[in-house]
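Colleague: build me a model:
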Amino acid sequence: MQDALSYAETHFDDFVGQLEELLRIPSISTDSQYANEVQRAANWLAEHLASIGVQHAEVIATDGHPVVYAEHMVDDDRPTVLVYGHYDVQPPDPLELWTSPPFEPTRKNGTLYARGACDDKGQMFMHAKAAEAYLQQEGDLPVNLKFVIEGEEETGSKHLVPFIEAHKDRLADADVVLISDTAMFSHDAPSITYGLRGMAYAEITLTGPNRDLHSGIYGGGVENPINALADLISQLHDADHRITIPGFYDAVQDLTADERQTYRELPFDEAAWKDEIGLDAVKHEAGYTLLECLSGRPTLDVNGIWGGYTGEGAKTVLPAKAHAKISMRLVPDQRAADIYDNLEAYLQDLTPPTMTLDFRRLHGGKPVLVDRDHPAMQAAADAVEHVYGQAPHFVRNGGTIPVVADFKDHLGLDSVLMGFGLDSDAIHSPNEHFGLDRFHKGIEAIIRFHATFAERVGG
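Modeller: Model (predicted):
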């Protein structure tokens, strides 16, 4: 391990330069115009993994964007770590808000700015560099290593489960999944994620008259779908900001006393948090702290609402339709199918007789909890503590990474979420960035993880 650490130290500038090469490829999976660039990124990554000494690396086609699969098998008696990441990125819009071009990586004050710098090219690439350090300096790895790097994470990973099912013979012998696609609690408070919220995402449409109407001629006699939709939405929370959908909380696994104590121990500065996002006051579920509600409790939010005329100037229209998109973040043991059923039934009950409701289920994901005593979790904790000089906090994350549940459901594998991003890294926003100090520490932590995990499980 020490030789690998030395190699990573002396070659760090090369690592950054290679990451910049990958960041220059605009692998935007959501836009079909960039399909060739997505393919180019996959090819670049597979070729790079082969060039650093990984025994086998290939680009595997799916019905969407390809998956990069690679493996380096050392000994059947050693544990196998399956690294998951993604090489696709979000669109960079709005371009005018970037201080430097999104696909021209720019270093400023020890920080690398580019789309994908943190999510997830930068974090995924740390695993390739940790492997290189072992292979180039020590000749081999302390573990067997496999990579599944997909190109559709930003579009919902539609073809990843079919890929997992089709390649179970390659993947099922892994002992754990290692993922760096999350954030630490803060720059000075390293953390490892053990819980993720799930997701149920729906789109609703209220339809009133059979066409848009003149509000002067028909107003006063025809109920406005936008008004009705606003009324429906206003009834989805009560005065304590609890969600009013019947049965919504029935399956919720409440936070344990130990978890609530952990939340209290986290160095959370609520005033600074509010200031950073421009708020003077917060609104959250009564009976729980703000921090608990940000990651440990279920939520319901309207993500978009539209209807009628929204162009410049005036148009006195009484619209025929009004639309909204609604997302619900779920916690163990809520099931998206049940939540969809309950929400649709509740909205149908609230819909006035002057309207019809159309309810569309867009996509969902399962909530996840990983046992903090899992050998790989403890190996990760040891590695992070060595790098940062303090024990990491075990935290829940308010976001959703559906693949974590997919690996559990289809391969029986737990995932270690050892991310080195920060919430302030502006992922999905203009000026996305990644601190090069965290890129460096992430590589070191991964090198240490492999050695420590091998020791813990007797490899």
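Colleague: residue contacts, the residue of the chain most remote from its centre?
Modeller: Ranked by distance from the centre of the chain (Cα atoms, centre = their mean), the top residue is Ile217, with 49.0 Å. By Cβ atoms under 8 Å, 6 or more residues apart in numbering, the contact set of Ile217 is empty. C-beta: built from backbone N, CA, C; applies to glycine.
Colleague: tell me the pLDDT of it.
Modeller: Listed pLDDT for Ile217 reads 96.
Colleague: surely it forms part of a helix?
Modeller: Yes - counting by DSSP: H, G, I helix; E, B strand; the rest coil, Ile217 is found in a helix.
Colleague: and it, how far is that from Leu318?
Modeller: Relative to Leu318, Ile217 is positioned 9 Å away (Cβ to Cβ, to the nearest Å).
Colleague: surely Pro298 is in contact with Val331?
Modeller: Yes - contact criterion Cβ atoms under 8 Å: Pro298 and Val331 qualify, at 5.1 Å.
Colleague: center of this structure, which residue is that?
Modeller: Nearest to the chain centroid, counting by Cα atoms, centre = their mean: Ile401, 4.7 Å.
Colleague: just to revisit the earlier point, tell me, what's touching Pro298 and Val331 both at once?
Modeller: 197, 252.
Colleague: where along the stretch 251-400 of the chain do the helices fall?
Modeller: Secondary structure of the stretch 251-400 of the chain by DSSP state H, counting those that start in this stretch: the helices cover 257-265, 270-276, 290-295, 336-350, 375-388.
Colleague: most tightly surrounded among those helices?
Modeller: Using mean count of other Cβ atoms under 10 Å, the stretch among those with the largest mean neighbour count is helix 375-388, at a mean of 21.
Colleague: that helix - contacts with which helices or strands?
Modeller: Counting contacts by 3 or more Cβ pairs under 8 Å, 6 or more residues apart in numbering; DSSP states H and E, helix 375-388 is packed against strand 176-179, strand 191-196, strand 415-417, helix 436-456.
Colleague: what's the closest of those to Ala4?
Modeller: The minimum distance between Ala4 and the helices and strands packed on helix 375-388 falls on helix 436-456, with 5.1 Å, by Cβ to Cβ.
Colleague: return the set of buried residues in that closest one.
Modeller: Residues of helix 436-456 classed as buried: 436, 438-454 (neighbour count, 16 or more other Cβ atoms under 10 Å).
Colleague: now stretch 75-89
Modeller: 78-89.
Colleague: any chance of those residues in JSON lines, with secondary structure too?
Modeller: Listed next are the buried residues of stretch 75-89 as JSON lines, based on three-state DSSP:
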{"residue": "Arg78", "secondary structure": "coil"}
{"residue": "Pro79", "secondary structure": "coil"}
{"residue": "Thr80", "secondary structure": "strand"}
{"residue": "Val81", "secondary structure": "strand"}
{"residue": "Leu82", "secondary structure": "strand"}
{"residue": "Val83", "secondary structure": "strand"}
{"residue": "Tyr84", "secondary structure": "strand"}
{"residue": "Gly85", "secondary structure": "strand"}
{"residue": "His86", "secondary structure": "strand"}
{"residue": "Tyr87", "secondary structure": "coil"}
{"residue": "Asp88", "secondary structure": "coil"}
{"residue": "Val89", "secondary structure": "strand"}
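Colleague: pLDDT and distance to Pro225 added to those residues, as CSV?
Modeller: Supplementary listing: the buried residues of stretch 75-89 in CSV, determined by pLDDT from 0 to 100; distance: Cβ to Cβ, whole Å:
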residue, pLDDT, distance to Pro225
Arg78, 96, 62
Pro79, 97, 58
Thr80, 98, 55
Val81, 98, 53
Leu82, 98, 49
Val83, 98, 49
Tyr84, 98, 43
Gly85, 98, 43
His86, 98, 39
Tyr87, 98, 42
Asp88, 98, 37
Val89, 98, 37
